[in-house]
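A.B. asks: one predicted model, sequence on top.
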Amino acid sequence: MSNHHANDYLKKIHQTEFLLSAPTFKLCPDDVGFEVAFAGRSNAGKSSAINTITQQKQLARSSKTPGRTQMINFFGVGSENSRIVDLPGYGYAAVPEAMKIKWQKELEEYLVSRKSLVGLVLMTDIRHPLKYFDEQMLHWAKDGGLPVHVLLTKADKLKHGAQKSALLATKQQLQSLELPFSIQLFSALKKQGLQELALVLGEWLQLPVAESSDNHTGA
């Protein structure tokens with residue numbers, strides 16, 4: 001059942017199209033419909049994850065210099081009312097402190113007060129997961145009552161046993177933060193974890209699924 005749904009959701013996610021880039025959250029699209037934000041450190045493989053799940057190589061462009069992509073990019077998933085939001089990568093050093101503080105304040109406000117935001121996909125490198133700013137994002141999500149789905153990216157860099165250990169250790173770390181979360185392994189390179197991610201996105205964005213054979217009769 002869930003596999004069928006995952007495949008239906010993937011078909012819809014493959015139709016994702018670029019909507020707009022905004023330099024600040026004040027220039028976001030109207031706060032209607034459903035929106036899922038993708039966030040992660042500059043080297044967590046965020047662009048690769050978005051391009052892989054949408055099956056579009058150039059949808060999210062990866063900057064040659066991590067942290068240079070300061071725009072907030074919005075993508076419509078089948079319609080403008082179901083959106084993926086690509087947040088700028090964080091954890092970079094090349095940005096002045098004052099700009100960092102201003103950006104963080106805006107980001108916190110967005111995560112806490114954006115009505116259409118229904119979930120946060122947090123990407124973190126499986127080899128060194130949940131750094132300080134990742135935890136900051138998780139706390140803001142908790143303040144905003146926002147469910148979080150954690151992707152342990154670049155899973156292909158570790159052997160199977162080490163992947164399992166990292167998954168368990170990160171789960172325990174998340175449990176200690178007392179946050180509502182789900183977590184999975186993900187590899188853009190090996191296309192690992194696509195169905196699992198599609199199920200989360202499909203449910204959060206309320207994407208349509210094909211009608212099942214058990215037709216309901218109207219009373």
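C.D. replies: Done, it's in. Numbering: from 1, shown residues only.

A.B. asks: quick one: low-confidence residue ranges for the chain.
C.D. replies: 1, 62-69, 92-94, 211-219 (pLDDT under 70).

A.B. asks: between the two ends of stretch 168-182, how far is it?
C.D. replies: Counting by CA to CA, to the nearest Å, you get 12 Å between the two ends of stretch 168-182.

A.B. asks: next one: it to chain centre, how far?
C.D. replies: A distance of 17 Å separates the centroid of the chain from that of stretch 168-182, by CA atoms, centre = their mean, to the nearest Å.

A.B. asks: what about P180, neighbour count?
C.D. replies: Applying other CB atoms under 10 Å, we find 11 residues neighbouring P180. Glycine gets a C-beta too; all of them are placed from N, C-alpha and C.

A.B. asks: could you do Q104 as well?
C.D. replies: 15.

A.B. asks: what do you get for L10?
C.D. replies: 20.

A.B. asks: do A155 as well
C.D. replies: Neighbours of A155 using other CB under 10 Å come to 24.

A.B. asks: that one reaches S187, doesn't it?
C.D. replies: Yes. Applying CB atoms under 8 Å as the test, A155 and S187 come out as touching, 4.4 Å apart.

A.B. asks: and for those two, which residues touch both?
C.D. replies: Among the neighbours of A155, those also in contact with S187 (CB atoms under 8 Å, 6 or more residues apart in numbering) are G193.

A.B. asks: contact partners for Q195?
C.D. replies: Counted by CB under 8 Å, 6+ apart, Q195 has contacts N3, A6, N7, L10.

A.B. asks: for the first one, give me its contacts.
C.D. replies: I take that to be N3. N3 neighbours (CB under 8 Å, 6+ apart): Q195.

A.B. asks: helices or strands next to the strand ranked longest in the chain in the packing?
C.D. replies: The longest strand of the chain (DSSP state E) is strand 117-125. If you count contacts as 3 or more CB pairs under 8 Å, 6 or more residues apart in numbering; DSSP states H and E, strand 117-125 packs onto strand 34-40, helix 46-54, helix 97-113, helix 132-143, strand 148-153, helix 194-204.

A.B. asks: any idea which of these is most buried?
C.D. replies: For the helices and strands packed on strand 117-125, the largest average neighbour count (mean count of other CB atoms under 10 Å) is found in strand 148-153, namely a mean of 25.

A.B. asks: residues contacting the helix or strand following that strand, please?
C.D. replies: For strand 148-153, the following helix or strand on the C-terminal side (DSSP states H and E) is helix 160-176. Contact partners of helix 160-176, identified using CB under 8 Å, 6+ apart, comprise 124, 126-127, 129-130, 138, 150, 152, 155, 158, 181, 183-185.
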